[in-house]
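1. next input, structure requested:
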Amino acid sequence: MADSLRRFLNFTAAVAGLFLVGGAAAPAVADERPNIVVILVDDMGFSDIGCYGSEINTPNLDRLAGDGLRFTQFYNNGRCCPTRASLLTGLHPHQVGIGHMTAPPDEPLKVEGPYQGFLIDNCVTIAQVLRDAGYHTLMTGKWHVGANSQEVWPLQRGFDRYFGGLSGAFNYFRPGGNRGLTRGNESVKPGDDFYTTDAFTDEACRYISEATEEDDRPFFLYLAYNAPHWPLNAKVADFERYRGKYTGGWEPLMKARFAKQKELGLFGPEVEAAPHEGPEWDSLRPKRRDNLDAIMAAYAGCIDSIDQNIGKLYAHLESIGEADNTLILFLSDNGACQEGGRLGQGSEAMVRNPPPGVGGVHLGHAWANACNTPFRLYKHFVHEGGMGTPFIAHWPAGMKDAQRGGFVRHAAYLPDVMATCVELASATYPDAVPPCVGKSLAATIKGGDGVIHPEPLYWEHEGNAAVRWGDWKLVRRYEHPWELYDIAKDRTELHDLAEKETAKRDELVAMWEAWATEHGVAFPKRFDMYQRLRELKEAKEKESQKQAARPAAVNR
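-> Purely as a prediction, here's the structure:
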């Protein structure tokens, strides 16, 4: 008997309380635990979907939010792979080996512990915990928590089925090489008319159908889109839908989004929008402005495509009768991405004829700044613009007492997803690994309004650091002074209280340093994987040169 089936039968026996009546076994009670779907998008800003303020057409996400809950203070880790590591394990990324980034598949680091660049053995994923509880465990999309050894690929970390890309970035139309596709444990090539966003959804729907046809066990699906990560490979039709809509630049976009956010109720009248970093739109040449419109249109097209596919997924759940008892959680792995320079890179020609590989359209600082309205900064940082994400919870059968279309205004973060899954799946988190640092959101999703985290929450990435405790947030950029904000009065981090509230600042600094020391965080000097790789390469080259310079031995 397969292990998964044995676990399922054991669970059913425990839940149903099987017993004999008149010499016959009573029928097993149907498994009423919810299916769980976690949808993670890549490099999408806080204000980039309609229900969080955007002009981009996202009717399917808006529908989920309108019949579910929107969190206003949900935090990721400010970067792709640390977020994925924490989301999957319920731990801080340093605890599971991805304190900075993942190791390149062809050149693994000789580093162990917090910065080894792939998931350590001493942790479990949501898939491992839920599979032991009798769930089907399915994944499509971007992995990005270790590719240099098959031991850390999805099937070896708890997933029954997997199709996607193991690396951090890949071409939407033609993924290949070290940035190619994997099904199970085998490399596969994309077919004709391939597009990652569509393919990941289609495969997810197929996996769900096969799982539900196999037996009555619930399923866990982790759908991790690579969109809208660079290169911004929008389909031409999706791109054309937005071409010309951004010719006014970032200032009117930010004003319109912020006004909509207040109209929606995301923010109260006391919230100020952070100003744009510049440059002024009218100072740019017409050709540059035209290219910038094309870049933003490509980005919007990628998000529009995500929404279309979420609609496809939900329609599939409805068609097989699984939508009502499926919890869907939607979020982004970090704020909008500034990588690509101040004004990004790309043009309409690059969208219509995308280059191979990952050298295509990039969003850049100026648009990323606008996409995170009303916050400061963007990806890499742990100011609100770097780690504040839309977070939608939708579960018709489980939210009967919730205020549908309402907001959760308490702070929450990535490890809470593991804790939530464990509770809803009636699973057991193992004692042999570090305890999950998250708190279950189950009561909140069902309609509760209690504070989720009375304890402090901590972050660090590339020396950018933060602690959130109640309404206080201590935050800094690497090698900059600590800043202190009262988030209840200053959500957009515009009024630094570090020099006024020195006792609170010093208290929080001491708390952060104690946490960092306990978890192996490199400080005050940060650990940089890419710098370490350069150092290793340089040392290897020097040793080769030294060997070549030695005189040949003389035969005597």
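
2. run a quick neighbour tally on the residue nearest to Leu87 when sequence neighbours are not counted.
-> Distances taken as CB to CB, 6 or more residues apart in numbering put Leu414 closest to Leu87, at 4.7 Å, once the chain neighbours are dropped. Backbone N, C-alpha and C define where each C-beta goes, glycine included. By other CB atoms under 10 Å, the residues close to Leu414 number 31.

3. wait, a strand at Val382?
-> No - Val382 is assigned coil when assessed by DSSP: H, G, I helix; E, B strand; the rest coil, not a strand.

4. OK, contacts around it?
-> 77-78, 459-461, 464-466, 475 (CB atoms under 8 Å, 6 or more residues apart in numbering).

5. if you set the cut-off to 10 Å instead, what comes out?
-> 75-79, 334-335, 388, 458-462, 464-468, 473, 475-477 (CB atoms under 10 Å, 6 or more residues apart in numbering).

6. likewise Phe46?
-> 52-54, 72, 74, 257, 261, 266, 332, 335-336, 371-375, 378, 384-390.

7. Gly470 too?
-> Taking CB under 10 Å, 6+ apart as the test, what Gly470 contacts is 411, 451, 453-456, 486-488.

8. do that again at 7 Å, thanks
-> By CB atoms under 7 Å, 6 or more residues apart in numbering, no residues touch Gly470.

9. related to what we said a few turns ago, buried subset of the contacts of Phe46 as a PyMOL selection?
-> One line in PyMOL is enough to select the buried members of the contacts of Phe46, burial here meaning 16 or more other CB atoms under 10 Å:
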select buried, resi 52+53+54+72+74+257+261+266+332+335+336+371+372+373+374+375+378+384+385+386+387+388+389+390
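
10. mark which of the contacts of Phe46 are part of helices, please.
-> 257, 261, 371, 384-387 (DSSP state H).

11. now the residue nearest the centre of the chain. Nearest residue, chain neighbours left out?
-> For the chain, Asp333 is the residue whose C-alpha lies nearest the centre (CA atoms, centre = their mean; 2.4 Å). Counting by CB to CB, 6+ apart, Thr83 is the residue found nearest to Asp333 once chain neighbours are left out, at 4.1 Å.

12. which residues sit in contact with that neighbour?
-> So Thr83 contacts 76-77, 333-334, 414 (CB under 7 Å, 6+ apart).

13. my guess is Asn122 meets Val433, correct?
-> Yes - using CB atoms under 7 Å, Asn122 is in contact with Val433, at 5.5 Å.

14. of these two, who's got more company?
-> The neighbour comparison of Asn122 against Val433 (other CB under 10 Å) goes to Val433, with 19 against 12.

15. quick one: that one from Pro356, how far?
-> For Val433, the distance to Pro356 equals 41 Å [CB to CB, to the nearest Å].

16. equivalent analysis for Gly385, please.
-> Distance from Gly385 to Pro356, by CB to CB: 32 Å.

17. by mean pLDDT, which helix or strand of the chain comes out lowest?
-> strand 20-21 (a mean of 28; mean pLDDT, DSSP states H and E).

18. re earlier: of the contacts of Thr83, which is the nearest to Leu536?
-> Distance to Leu536, by CB to CB, is smallest for Asn77 among those, at 25.5 Å.

19. how near is the residue lying closest to Trp367 once chain neighbours are set aside to Leu221?
-> Once flanking residues are discounted, Trp367 sits nearest to Met296: 5.4 Å by CB to CB, 6+ apart. In this view, Met296 and Leu221 are 31 Å apart by CB to CB.

20. next one: Tyr207
-> 7 Å.

21. do the same with Leu155
-> 15 Å.

22. who has more neighbours out of these two?
-> Between Leu155 and Leu221, counting by other CB under 10 Å, Leu221 is the more crowded of the two (27 against 16).

23. distance of the residue nearest to Ile320 when sequence neighbours are not counted from Ala234?
-> Among residues not flanking Ile320 along the chain, Thr212 sits closest, at 5.9 Å (CB to CB, 6+ apart). Separation of Thr212 from Ala234 (CB to CB): 33 Å.

24. who has more neighbours, these two?
-> A direct count of neighbours by other CB under 10 Å for Thr212 and Ala234 places Ala234 higher, at 32 against 18.

25. quick check: the more buried one touching Ile306?
-> No - between Ala234 and Ile306 there is no contact under CB under 7 Å: 10.9 Å.

26. so how far is Thr420 from Tyr429?
-> From Tyr429 to Thr420 the distance is 12 Å (CB to CB).

27. let me fix that: Lys537
-> 42 Å.
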